[in-house]
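A.B. asks: predicted model, plus sequence, below.
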Amino acid sequence: MIDLQQLLPPFNPWWRDKTKAFRDLEGFHRPIFEDLKEDIDLLQQIISLTGPRRVGKTTLVHQLIQNLIGNGVNPRRIVYYSMDDPALMLQSKEEINSFIEEAMQMARKSVDDRSSTVDDRSSTVEPFYFFLDEIQRLDGWELYLKKYYDLKYPVRFVISGSASSPIFKKSRESLLGRVKDYRLLPFSFREYVLYDNFISKKKKSYSKEIKDLDKSALGIVQQITDPFNASNSVVIPKVSIGLKHRLETLLASYLYEGGFPEVWKLPTLVAKQDYLFDNQVRKVIDEDLVLAVELRKPELLKKFYLSLLAIPGMEKNIGEISGETGINKQQIEKYLPMLEMTDLLFQVPKFRSGSLNVRRGNVKFYLSDLALRNAVLRISPESLMSDDETLGRYAENLVFLALKKNRSSLQIDFYREKNEEIDFIVHAGAGRYVPIEVKYRNKLSYADGKLLGKFVRKYPKSALPIIITKHWEDFGYKENVFLWPLPLFLMMFG
């Protein structure tokens, strides 16, 4: 029999001392924190937080707990527990059922003692908060949540897990309408800059200038995406020399270090590479996917994934990949959605103007974090920064990640016309498209905007085309396109 009083206290140090419990907690809040904080306060739905391993989900959960306590919630009404606790794994199904039922009755009794009813889930009833980490480790977890949610127990659930696939798949099947999903990906370049600004005590703070850029970004995006807007009305924000230099320095670092915060603190290049391969390749495939989909041939999937690391942003079809890897087409078509569900990579289809068309043929692949490629291929910082072709592909990858994260991007495709290509076509709704080309190189030419112009003439509702550039002087409206330096685009759009 599981004893709650013995099992839970080590996971909930705020029960003993709410000050010491968060003494070592990271003080930087990622932007998603504000959205989660608001939803936990206002929504009755279950909050689901998923994403890659070691991306900061547990830190974020503890920051949310700290915020609740800081806002006056009784620490005893907040329960955190990780479902990968060995003590739970050793229990029988009946003992686990009793453990969960006892925890729920604890929450119910606390409300009854206050002369409330279990059916009253109004704002006047102070609920219990259950933060359940690594939820996918609990067999049948979605049935437990559905039961107590539908019975209107005075409980708010926040669940988190490393592998996206089991949570999202089962949520759709059993918890439809009861869950609000959040995905936490590796730090974006914008978050990387904000974090650096947060911890830089001896360096100049650019907080105010960054906030001014945010305000300018809204205006630029609105004007670019308005097909009836006069292009010369786009207001170009001024960026100080100091911030330009800082963004360039941080971009060079981010291209290599990536967005997994624990990697930044490791002492050597080899340690960083080994850490990333072990946590983001081996464990994801050998543990998370084996658990999620009963994967029988993890080594074959690992081989397929490693083959894709070499070609971020390159157009490929299933037949080509099959020929290069020796893996049959059926297996590849099975593996692709598995890798996407774990947020290791994303695929972008070829543009079709009709959203209901079946998408077949070539696709492009982008990585969730470029540091994974650096680690697996053992690329050094020096070799990366001297390889202009690879830097161009990395720039394209970062632009994709910024677009994907932006809420106005309903869908992202690439466009091909014979031997010419536009890197991204962003669907903005109502037949409106934003064509974007990445030209991260020293010199631009007239030909760079030629296909963009053709696309806009073919689809007249399209926004002003955007070219992502390498140099700061290539910024603003020029010859019917809008030039946007990469660091600034990532800060303002991502």
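C.D. replies: Yes, it's here.

A.B. asks: and F351, how far is that from V456?
C.D. replies: Distance of F351 to V456, given as C-beta to C-beta, to the nearest Å: 14 Å. In short, each C-beta sits where N, CA and C put it, glycine included.

A.B. asks: and for V284?
C.D. replies: Going from V284 to V456 by C-beta to C-beta gives 41 Å.

A.B. asks: which one of these two has more residues nearby?
C.D. replies: Neighbour count, other C-beta atoms under 10 Å: between V284 and V456, V284 has more, with 25 against 20.

A.B. asks: and that one, what does it touch?
C.D. replies: Applying C-beta atoms under 8 Å, 6 or more residues apart in numbering, we find V284 in contact with P52, R53, S162, A163, T342, L344.

A.B. asks: run a quick neighbour tally on the fifth one.
C.D. replies: Translated: T342. If you count neighbours by other C-beta under 10 Å, T342 ends up with 24.

A.B. asks: the second one now?
C.D. replies: For R53, the count of nearby residues is 18 (other C-beta under 10 Å).

A.B. asks: per-residue pLDDT, it?
C.D. replies: If you check R53, the pLDDT there is 86.

A.B. asks: so it is in contact with R282, correct?
C.D. replies: No: between R53 and R282 there is no contact under C-beta atoms under 8 Å: 10.4 Å.

A.B. asks: what would the contacts of V284 look like in a markdown table with secondary structure?
C.D. replies: What follows is the contacts of V284, written out as a markdown table (DSSP: H, G, I helix; E, B strand; the rest coil):
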| residue | secondary structure |
| --- | --- |
| P52 | coil |
| R53 | coil |
| S162 | coil |
| A163 | coil |
| T342 | coil |
| L344 | coil |
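
A.B. asks: Y275: which of the residues you listed is nearest?
C.D. replies: Ranked by distance to Y275 (C-beta to C-beta), the contacts of V284 are led by R53 at 10.6 Å.

A.B. asks: end-to-end on stretch 39-49?
C.D. replies: Taking C-alpha to C-alpha, to the nearest Å, stretch 39-49 runs 12 Å from one end to the other.

A.B. asks: export the contacts of V284 to JSON lines and tack on distance to M83?
C.D. replies: Listed next are the contacts of V284 as JSON lines, based on distance: C-beta to C-beta, whole Å:
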{"residue": "P52", "distance to M83": "18"}
{"residue": "R53", "distance to M83": "15"}
{"residue": "S162", "distance to M83": "11"}
{"residue": "A163", "distance to M83": "12"}
{"residue": "T342", "distance to M83": "18"}
{"residue": "L344", "distance to M83": "22"}
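
A.B. asks: show me which of these is closest to Q66.
C.D. replies: Closest approach to Q66 among the contacts of V284 (C-beta to C-beta): S162, at 21.9 Å.

A.B. asks: quick one: that closest one and D133 touch, right?
C.D. replies: No: if you go by C-beta under 8 Å, S162 and D133 don't touch, sitting 9.2 Å apart.

A.B. asks: who's more crowded, these two?
C.D. replies: Taking other C-beta under 10 Å, S162 and D133 do not tie; S162 has more neighbours (28 against 22).

A.B. asks: OK, contacts around the more buried one?
C.D. replies: By C-beta under 8 Å, 6+ apart, S162 lies in contact with T50, G51, P52, R53, K57, E134, Q136, V284, D288.

A.B. asks: one more time with 6 Å, if that's ok
C.D. replies: Listed by C-beta atoms under 6 Å, 6 or more residues apart in numbering, the contact set of S162 reads R53, D288.

A.B. asks: quick one: it from K316, how far?
C.D. replies: Applying C-beta to C-beta, the value for S162 to K316 is 28 Å.

A.B. asks: likewise D343?
C.D. replies: From D343 across to K316, the span is 20 Å (C-beta to C-beta).

A.B. asks: and if you look at I379?
C.D. replies: Noted for I379: a distance of 21 Å to K316, by C-beta to C-beta.

A.B. asks: let me know the secondary structure of the residue positioned nearest the centre of the chain.
C.D. replies: Residue closest to the average C-alpha location in the chain (C-alpha atoms, centre = their mean): L185, at 2.4 Å. Here L185 is recorded as coil under three-state DSSP.

A.B. asks: now swap in Y80 and tell me
C.D. replies: Y80 falls in the strand class when you classify it by three-state DSSP.

A.B. asks: just to be sure, R156 is in a strand?
C.D. replies: Yes: if the criterion is three-state DSSP, then R156 is within a strand.

A.B. asks: quick one: contacts for it?
C.D. replies: Neighbour list for R156: P127, Y129 [criterion: C-beta under 6 Å, 6+ apart].

A.B. asks: mind doing that once more with 8 Å?
C.D. replies: I40, Q44, I47, P127, F128, Y129, F130.
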